[in-house]
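Undergrad: sequence and predicted structure below; questions after.
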Amino acid sequence: MDIISIVFIAFGLAMDAFAVSISSGVVINFLKLNDAFKIAFFFGMFQAIMPIIGWLAGLSFRKFISGYDHWIAFGLLIIIGCRMIYESNKKGVQNKLIDPLNIYVLLVLSLATSIDALAVGVSLTFLSTSIILPAIIIGITTFLLSGVGVCMGNKLGKHLEKKFEVMGGIILVIIAFRILIVHLS
């Protein structure tokens, strides 16, 4: 997989964490740089680790489905992208009741926003792509966007959050079709 596709996947995956970071910034009354760093670190770390876990899991059954692996990668990315778009239109949990700086809340949010990265890791196994560079790019991208998201949310409010989640879903759907077109041609 080329570097441009990896970067686009990283941005697509980071949109969930970015949207949650914006919400977190909205909830935090007196934002400190350390708070933004903490949230960004957790989101970036989970987004980097989950594709590795998915990739390792995918290795165990890759040989059984190598003839139609591109269809699986396509399907997983379509499902993830469409789910992101769908969920962006649902009414969210009342964020005012949740403290995003609480370690347990932060762990749950980090895990929830990185499940998609697990599925992408499985997809990368089917494409015979090494996982190290994608995991690093996904983690760094998520870290940076999450830090920016917390600050933006604290300054601009919640009205931008859903737009970024939709954009992330659209990016993943486009990449899914690109994978399918490349493997069928």
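TA: Arrived safely.
Undergrad: got the confidence number for the closest residue to residue 115 other than its chain neighbours?
TA: Leaving out its chain neighbours, the residue that sits closest to residue 115 by CB to CB, 6 or more residues apart in numbering is residue 50, at 7.2 Å. Placement of C-beta: from N, CA and C, glycine included. The model reports residue 50 with a pLDDT of 94.
Undergrad: and residue 50, which of the three is it?
TA: Per DSSP: H, G, I helix; E, B strand; the rest coil, the local secondary structure of residue 50 is helix.
Undergrad: touching, it and residue 121? I think so.
TA: Yes: counting by CB atoms under 8 Å, residue 50 touches residue 121, with 6.4 Å between them.
Undergrad: on that earlier part again, from residue 87, how far off is the residue nearest to residue 115?
TA: 18 Å (CB to CB, to the nearest Å).
Undergrad: the more surrounded of the two?
TA: Between residue 50 and residue 87, residue 50 has the larger neighbour count (other CB atoms under 10 Å), namely 25 against 15.
Undergrad: now the more buried one: how far from residue 112?
TA: The gap separating residue 50 from residue 112 is 11 Å, by CB to CB.
Undergrad: ok, now residue 43?
TA: For residue 43, the distance to residue 112 equals 10 Å [CB to CB].
Undergrad: tell me the residues that contact both of those two, please.
TA: Common neighbours of residue 43 and residue 112 (criterion: CB atoms under 8 Å, 6 or more residues apart in numbering): residue 20.
Undergrad: neighbour count winner among these two?
TA: residue 43 (30 against 13).
Undergrad: quick one: the helices in the protein?
TA: With DSSP state H applied, the chain shows helices at 3-27, 33-61, 69-88, 103-126, 132-156, 161-184, listed in chain order.
Undergrad: highest average neighbour count across the ones you listed?
TA: Highest mean neighbour count among these (mean count of other CB atoms under 10 Å): helix 3-27, with a mean of 24.
Undergrad: helices or strands next to that helix in the packing?
TA: If you count contacts as 3 or more CB pairs under 8 Å, 6 or more residues apart in numbering; DSSP states H and E, helix 3-27 packs onto helix 33-61, helix 69-88, helix 103-126, helix 132-156, helix 161-184.
Undergrad: and the direction of the longest one versus that of helix 132-156, what angle?
TA: Regarding helix 33-61 and helix 132-156, their directions subtend 150 degrees when assessed with axes from the mean of the first three to the mean of the last three CA atoms, to 10 degrees.
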